[in-house]
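Asks: Okay, here's the prediction I keep looking at, along with the sequence it came from:
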Amino acid sequence: MRVIACVNQKGGVGKTTICANLAYALSQKGKRVLAIDLDPQAQLGQYFGLFQNNRAGIDRVLNGKSELTDVIQTLSPELGFIAAGPGLQRLESTPMGKGRGLILKKALKRSVPDCDLVLLDCPPASGFLVVNALAMATELLTPVTPDFFGMSGLSTMMATMRNFERMIGKYQKHWVVVSRLQQGRRLSDDVLSKLRRYFPDDLVPVCIEESSAIATSPSYGRPVLAWSPHSKASREFSELADLILNR
């Protein structure tokens, strides 16, 4: 089973958008996917038409009150979802202690979901929730916006990743995905050039451009591939899914 954490300590880079649409795209290609919302903002479920965050979710697993497979909602035969849960906000500030960062990893070993890939939507933070995601993951996917702050956030994320790799070993793969791209901007072109130079093995050759389809689809409770399947954005996410599968 592959566990991919969509993570960046900077907010506004498109983590939830990529996690939701990638999960859906992978499920459409016949893979059994479990998407887990680890962000207290609880927006991942809205992409799947779940606008109320009142069901038991990953909060109960982190509290030791439920097993992982007990809180899975079935969205389709290929796509499962675990909500953030109403108690996740309180857990975000949980102090770290011995073994506290391994709760999700141990939960996955005890109660293995029937799926090929697990995707984790992480909050823009570096505390208890993200530590559990990084310990559970076998691969990392870092969305980055093509601007100065995006590069700065990526630099911070790389340092965090290397610190974790010293403790738990190397991740199988690190994917860097450019999101919210605006074609034709000189700054975007400059940042893309730098990313290709500094991260030749990590940078995905598919960029996710800004589009009205991506911006609009969550309000209908559907990933862009379901709401606007023939849009350019849908093709981009489908290509990204192919790259992930063929790694």
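Replies: Cool, got the structure. Numbers count the residues shown, from 1 in each chain.
Asks: any idea where the strands of the chain begin and end?
Replies: Under the criterion DSSP state E, the chain contains strands at 2-6, 33-37, 73-76, 79-82, 117-121, 139-144, 173-181, 208-209.
Asks: Let me see the mean pLDDT of the fourth one.
Replies: With pLDDT averaged residue by residue, strand 79-82 scores 98.
Asks: So what touches that strand?
Replies: By CB atoms under 8 Å, 6 or more residues apart in numbering, the surrounding residues in contact with strand 79-82 are 23-24, 27, 32-37, 44-45, 48, 50, 57-58, 61, 68, 71-75, 113, 115. C-beta coordinates here come from the backbone N, C-alpha and C atoms, glycine included.
Asks: Pick the most deeply packed of the strands of the chain.
Replies: Burial of the strands of the chain is given as mean neighbour count (mean count of other CB atoms under 10 Å); strand 33-37 ranks first at a mean of 28.
Asks: Output the contacting helices and strands for that one.
Replies: helix 15-28, strand 79-82, strand 117-121 (3 or more CB pairs under 8 Å, 6 or more residues apart in numbering; DSSP states H and E).
Asks: Tell me the strands beside it, with direction?
Replies: strand 79-82 (parallel), strand 117-121 (parallel) (DSSP bridges).
Asks: longest helix of the chain?
Replies: helix 148-168 (DSSP state H).
Asks: how about it: buried residues?
Replies: 150-151, 153-154, 157-158, 160-161, 164 (16 or more other CB atoms under 10 Å).
Asks: tell me the average confidence for it?
Replies: 88.
Asks: Which residue is the nearest non-sequential neighbour of residue 195?
Replies: Ranked by CB to CB, 6 or more residues apart in numbering and with sequence neighbours excluded, the top spatial neighbour of residue 195 is residue 203, at 5.2 Å.
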